[in-house]
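S.K.: just need the structure, nothing else, for what follows:
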Amino acid sequence: MDNNKLSPMKTQPDPEEPYPSLSDYHDYEPNLEFDDTELLQAPNEMDNGELLIDFMENESNGMGSPVSDFTDENYDELLNGPASFSFGTDTYPEVGGVSFSDIAKYGIVDVKGDDADGRKVIVVYACKLPPTNMIDHNCLLEYLKGTLDLYVEQDYSLIYFHYGLTSKNKPSIAWLWQAYKAFDRKYKKNLKALYVVHPTSFLKIISQVFRPVISVKFGKKLNYIHSLKELSEHIKLEQLAIPEEIKEFDRKTTGKNNTTDVDSKGIEPIESTRQFGVTLQFIKKHYNEDIPPVVKECVKYLDKPDALETEGLFRRSANLTKVKQLAREANKGSPLTFESPHEAGALLKKFLRELKEPILTQELYDEVIQFQYSSKEEQLRQASILVMEKLPEDNYKLLKFVVSFLSRVMERADLNKMTAQNLAVVFGPNLIWSDSVSMCLSAIMPINYFTQFLLQHHKDIFIV
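M.R.: Residues are numbered from 1 along each chain as shown. Next up is the predicted model:
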């Protein structure tokens, strides 16, 4: 090890009509090559929920209940909550004899870090759905719930790319109805935005079918997005790893002159005081400090009893406008003034996730992912080697500073409810990610496991 380490919306629905026809927003509805016959036969008039229930029951005839293998009891037994996925094994949980790994391999569900407002971004791609005879939709539903279970206690956004849904891979109406019922208030209360990208007539009919039972409050979270350019106003497109076929479809439907090249990376001058979105080396060069000033200011504010004991620290929302303003002030090198612990916590997370390269570096990504498979006897030694010997010195110093602070947060867990496990869920994806591998459930679990191990054994890993 280096001896130096030894030293210290645009589109807003009419409030009176939360579910207007999608054709009100655009004239073009792409042909996705599937048969909407079953949907077009749905009742046109639904003044109450009875016709809808009859429709769903008829849809299910002959195929059984879409989730007949599950009950609340056996689901809890199987998954046992957000932290129940088994670490240190080669197997995922199974549903009806189908392993979650059989779902994960398709990449249908991704977790793409945080958006500009600090909310976790969960992405679902219809184009990655295999033919219906190749996937167990029951297991898919539980896999999606398992992914969301990791984040539903904090604000999150959901993006659904509709392009690619065809007659060969679209789930049944009955399954969609069952999925809507499965996502109860626990999933909906912290969902701040649902972006439906490239909507079609299929979704227009679906919205009419479900309209009698969808709350107005939930409906206001829906954002119909008709182009990637429009989506870019809400989410950084480069973080989504959008499949090429969706980009090509977008170019065809919006026209080359009216779309944003999501692969282009404009070069803009970087002011010397900037701290967000740059490398640690850049900050050190211009500030001549090992720990970025914005990190020190956040930790200084939070490292007091009143702040450390704040319930839901790092998990509850801050004033997003104020957090953005604080980031702008930090980029000017100006001193920061916080009005609440949640603002400082949100700014710290924002800094970590917007680093040009993650603290744990992309070079160590594979080792972090594989860490959970090591024997318990070897894990401490491997974690020490990874952190002490393989991390660049600047990364090591910042990681040690952050983990040391988080250990003090853990000491107040009886009051702030931020255990090592909860902190790992919040900070894990902000400490390491890959440019080439999607942040799906299969990646999140081992990252969170490593982060939790780091927090629990920090005294044995870092040099005091």
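S.K.: name the helix or strand of this protein that has the lowest mean pLDDT.
M.R.: Lowest by mean pLDDT, DSSP states H and E among the helices and strands of the chain is helix 72-79, with a mean of 31.
S.K.: show me the protein divided up by domain.
M.R.: 22-258, 270-461 (automatic domain parsing).
S.K.: find the nearest non-adjacent residue to residue 367, please.
M.R.: Closest residue to residue 367 apart from its sequence neighbours, by C-beta to C-beta, 6 or more residues apart in numbering: residue 386 at 5.9 Å. Every C-beta, even on glycine, is put in place using the N, C-alpha and C of the backbone.
S.K.: just for the stretch 351-464 of the chain, where's the confidence low?
M.R.: 436-442, 464 (pLDDT under 70).
S.K.: what packs against the strand or helix carrying residue 175?
M.R.: Assigned by DSSP states H and E, residue 175 falls within helix 173-182. With contacts defined as 3 or more C-beta pairs under 8 Å, 6 or more residues apart in numbering; DSSP states H and E, helix 173-182 has these neighbours: helix 50-60, helix 137-149, helix 201-210.
S.K.: Throw the domains of the chain into TSV and include mean neighbour count, thanks.
M.R.: Formatted as TSV, these follow (neighbours: other C-beta atoms under 10 Å):
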stretch	mean neighbour count
domain 22-258	17
domain 270-461	18
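S.K.: hey, least reliable of the ones you listed by pLDDT?
M.R.: Mean pLDDT is lowest for domain 22-258 among the domains of the chain, at a mean of 66.
S.K.: so residue 124 sits against residue 161, correct?
M.R.: Yes: counting by C-beta atoms under 8 Å, residue 161 is a contact partner of residue 124 at 7.1 Å.
S.K.: distance of residue 385 relative to residue 406?
M.R.: From residue 385 over to residue 406 the distance is 21 Å, taken as C-beta to C-beta, to the nearest Å.
S.K.: what of residue 180?
M.R.: 37 Å.
S.K.: also residue 192?
M.R.: Taking C-beta to C-beta, one finds residue 192 at 25 Å from residue 406.
S.K.: likewise for residue 429?
M.R.: In terms of C-beta to C-beta, residue 429 sits 15 Å off from residue 406.
S.K.: go on, residue 311?
M.R.: Distance from residue 311 to residue 406, by C-beta to C-beta: 16 Å.
S.K.: check residue 366 too.
M.R.: 24 Å.
S.K.: helix or strand for the residue lying closest to residue 434 once chain neighbours are set aside, which one?
M.R.: In this structure, residue 434 finds its nearest non-sequential neighbour in residue 365, 4.6 Å apart by C-beta to C-beta, 6+ apart. Residue 365 belongs to helix 365-370 when assigned by DSSP H and E.
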